[in-house]
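What follows is a predicted structure for the sequence shown.
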Amino acid sequence: MTDMSVGRERHVQAQGAAPLISMRNIHKKFGSLHALRGASLDVHAGEVVALVGDNGAGKSTMVKVMAGAHMATSGEYDFEGKPVKINSPTDANALGIQTVYQDLALCSNLDAVQNLFLGRELTGSGLFGRRIKRAECEVKAREVLSRMRLGNLSLTRPVGAMSGGQRQNIAIARSILWTPKVVILDEPTAALSHSAAEQVGDLIRRLADQGLGIVVVSHDIHNFVVNATDRIEVMRLGANAASFRTGDVTGEQVVNAMVGGNEGVNLAG
Amino acid sequence: MAEAITSAPPLVRRRSIGELLARDLRALPIVIGLVALWIFFATQSDVFLTARNLSNLLVQSTVVGIMALGIMFVLLVKEIDLSVAAINGVTSVFMAKIIVEAGVNPWVAVPLAILLGALIGSLSARWVTYVGVPSFVVTLGLGLALNGLQLILLPATARYSLNGTGLEKIALINISGNGAWLVLAIGVLAFATLVLSEATSRTKAGLETPMMRAVILPVAAAAVFGLIVVSILSAHKGIPLIVLIFGILLGLGGYVLKQTQFGLYLYAVGNNDEAARRSGIKVHQIKMAAFAIAGGVAALAGVIAASRTLGVGVFSGGGVGGGTLLLESIAAAVIGGVSLFGGRGSIHAALLGALVIGTVSNGLNLMGVENEIRLIVTGLLLVLAVSIDKLIEKATGQQSF
């Protein structure tokens, strides 16, 4: 991660501007379960924010509210400085918020181009419904992939024949195909080898360098979070527990904040 | 790492044999098997390779082939339709009834039968998607119910003759002489237009397009294949109309599966319906369309079968329970390479699978072998075909696409 420091400078600059997303005092109740208790999160353009926490800390609920998959029970949600109401993932997509879920939601029998455009194919009229404009899809796919420096990905192999890292990259490429402003990644490195995770980290950095706000939910504190992000927001019991500038902390400190333990308790594994 | 490979141009990957077998040449084992069967039967019977017999073989394979083509759409979305044979039977009996008893014009009755088949298919899809009962159960029950309906619709004589209605001629019409070559020319031209338009749009978009591999070779291959088939058929009586209908359906099906958004969605839904749903694809509608196509196509096959047998009766649609028609139709699709687990299979599966089953039946018949043996051989071939497919998968490490 050679360009890490560059990213951090950008982040410092970005702090001055209004955040892309500002969620404040978010509450979410599922029946009697109070999953979010006044949690807050800002996402700035050009920065990678890690959202970490123990199981049940509320980080998944938080990003689902952000992505429109859940609606907050109460709280404020501003997008580019204006209050917005996001009722569905479609609303979020329309604003420019894309989510890459942990299962990637790819079709293993389809190739990269088909997966990138799934549900949003460029089509023309034809016999028996819309005819896919394969050539135009392919050109746009190449363009996006080369912008992400993934130009060597095969466009015609079924993604099921690709490695986990390549599939992760395709899922991310798919999220940025329609030039979003914020990309949320749910456990992007969970099933990846160390080197593949590093490459995903590089990719995320390049996206942030292009001005996107990135939110990463991750359990991979020691390898991924403390190396590939700009800011670490720790959640515990549905609220914010701590906020760190990446580089100022060690993995142990982050883990301690997650479990609410004392200094010196080392749960790192 | 990523930095080092940034500006590398897209590699034109040279594919391994295994990868080719697993994808582009997936049909190769079945083609080899078919050729082997033909060689075997040619050594066993002098008549097997005559134009007359090959022409018969093609005609005998059409009903199962058309049924397989319809079922394929349902298998692609990871469902199954066990009622297609019953739909085939009940719609053809319905059609015969309104023609014979109500004097309805066959030009109205045939489309009506096809529409009815599509309607029945879409209803079972609705049951599957909204109530959540597995398609296996819904269509198994529906098939039995339709068998009952078929028996109710039949008169006391248990048979409607279609002699003199004009429908019986469908199976008798042959396009011979110049007409046959014209049909071939139109077919090849249509294919060439499609391939060429694809290539020009790629060139226009600035993508490199190997003319030789993308246009000339496929068109030449199609032309040669067509020439051989039409030559053989012309040496007998010409192109049987029902074979032409099957050919047109194969062409349309191939176009829909390969070129249209709907075709792509069939594969997506069959592979990962949750991903498809999250991509905004209306999964229920896609499944409903697949079942409707299977039902409509089964009804069309029923019309052709009725024409071949000059009437309908208890035996229509394979008889009660679907008989060999149901089993052979599903077997043909699967032997041809359509996965029962959804999302995999190309249109040629219907043709190749039906030809394998038709060849076994025709060849053993020529050898004077009993019907019992034919069933055993067909059954074993089905298991063998899927086993070979699985072995390729294991050997190449490719998942089933």
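In hand now; what should we look at? Numbering: from 1, shown residues only, chains lettered A, B, ... in the order given.

And A:L155, how far from A:M162?
11 Å (Cβ to Cβ, to the nearest Å). All C-beta atoms are positioned from the backbone trio N, CA, C, and that covers glycine.

who's in contact with residue 73?
No chain in the question, so chain A it is. Residues in contact with A:T73 (Cβ atoms under 8 Å, 6 or more residues apart in numbering or on different chains) are A:27-29, A:36.

not what I meant, chain B
B:F73 neighbours (Cβ under 8 Å, 6+ apart): B:266, B:289-291, B:293-294.

Check B:G313 too.
Applying Cβ under 8 Å, 6+ apart to B:G313 gives the contacts B:93, B:154, B:158-160.

Of these - the most surrounded one?
Among these, B:V93 has the most neighbours (other Cβ atoms under 10 Å in any protein chain shown), with 29 neighbours.

any idea which element that residue lies in?
helix B:84-100 (DSSP states H and E).

Distance of the spatially closest residue to A:A18 that is not a sequence neighbour relative to chain B?
Distances taken as Cβ to Cβ, 6 or more residues apart in numbering or on different chains place A:G81 nearest to A:A18, at 4.5 Å, with adjacent residues excluded. Note on A:G81: its distance to chain B, by Cβ to the nearest Cβ, to the nearest Å, is 29 Å.

what number of residues lie near A:G81?
A:G81: 10 surrounding residues under other Cβ under 10 Å.

Could you report the pLDDT at residue 171?
All of this is about chain A. Per-residue pLDDT puts A:A171 at 94.

nope, chain B
Looking at B:A171, the pLDDT reads 93.

tell me the secondary structure for it?
Following DSSP: H, G, I helix; E, B strand; the rest coil, B:A171 is assigned to coil.

tell me, how many neighbours does it end up with?
By other Cβ under 10 Å, the residues close to B:A171 number 21.

again, but for B:G177
B:G177 sits with 10 neighbouring residues when counted by other Cβ under 10 Å.

Next one: it, what pLDDT does it get?
B:G177 is given a pLDDT of 91.

How much space separates it from B:S234?
8 Å.

Going along the chain, name the helices of the stretch 151-269 of chain A.
A:164-176, A:194-209, A:226-228, A:251-259 (DSSP state H, counting those that start in this stretch).

one step back: show me what the helix holding B:V93 is packed against.
helix B:51-76, helix B:106-126, helix B:135-153, strand B:159-161, helix B:283-308, strand B:311-313, helix B:323-335 (3 or more Cβ pairs under 8 Å, 6 or more residues apart in numbering or on different chains; DSSP states H and E).

got the contact list for the residue of the stretch 51-200 of chain B at minimum distance from chain A?
Distances between the stretch 51-200 of chain B and chain A by Cβ to the nearest Cβ are smallest at B:E198, namely 7.3 Å. Contact analysis of B:E198 by Cβ under 8 Å, 6+ apart lists A:134-135, B:214.

How about B:Q261?
Contacts of B:Q261 (Cβ under 8 Å, 6+ apart): A:121, A:123, A:129-132.

Now the buried members of the residues you listed.
Neighbour counting with 16 or more other Cβ atoms under 10 Å in any protein chain shown marks A:121, A:123, A:129-132 as buried within the contacts of B:Q261.

Sort those by pLDDT and name the bottom one.
Lowest pLDDT among the buried ones among the contacts of B:Q261: A:G129, 83.

does that one sit in a helix, a strand or a coil?
coil.

what's the spacing between it and chain B?
In terms of Cβ to the nearest Cβ, A:G129 sits 4 Å off from chain B.

A:V52 now?
24 Å.

Please, which helix or strand holds that residue?
strand A:48-53.

Any stretches of the stretch 251-400 of chain B with poor pLDDT?
The stretch 251-400 of chain B contains residues with pLDDT under 70 at B:396-400.

Repeat the analysis, applying 90 as the threshold.
B:278-280, B:319-324, B:339-341, B:369-375, B:377-379, B:381-382, B:384-400 (pLDDT under 90).

For it, what lies in contact range of chain A?
B:252, B:255-256, B:259-262, B:264, B:267-268, B:270-272, B:274-276, B:278-281, B:343-344, B:398-399 (Cβ under 8 Å from any Cβ of the partner chain).

quick one: contacts for B:W38?
B:48-49, B:359.

try 10 Å this time
Shown in contact with B:W38 (Cβ atoms under 10 Å, 6 or more residues apart in numbering or on different chains): B:48-49, B:54, B:57, B:355, B:359, B:363.

Can you go through those residues and name the buried ones?
Looks like the contacts of B:W38 have B:48, B:54, B:57, B:355, B:359, B:363 buried, using 16+ other Cβ under 10 Å.

Tell me how far the strand holding A:V52 lies from the chain's centre.
9 Å (Cα atoms, centre = their mean, to the nearest Å).

How far away from the center of its chain is the helix or strand immediately after that strand in the chain?
Scanning forward in sequence from strand A:48-53 by DSSP H and E, the next helix or strand is helix A:59-67. Its chain's C-alpha centre and that of helix A:59-67 lie 11 Å apart, by Cα atoms, centre = their mean.

again with stretch A:238-252
The answer for stretch A:238-252 is 18 Å, by Cα atoms, centre = their mean.

List the buried residues in that stretch.
A:238-242, A:244, A:246, A:249, A:251-252.
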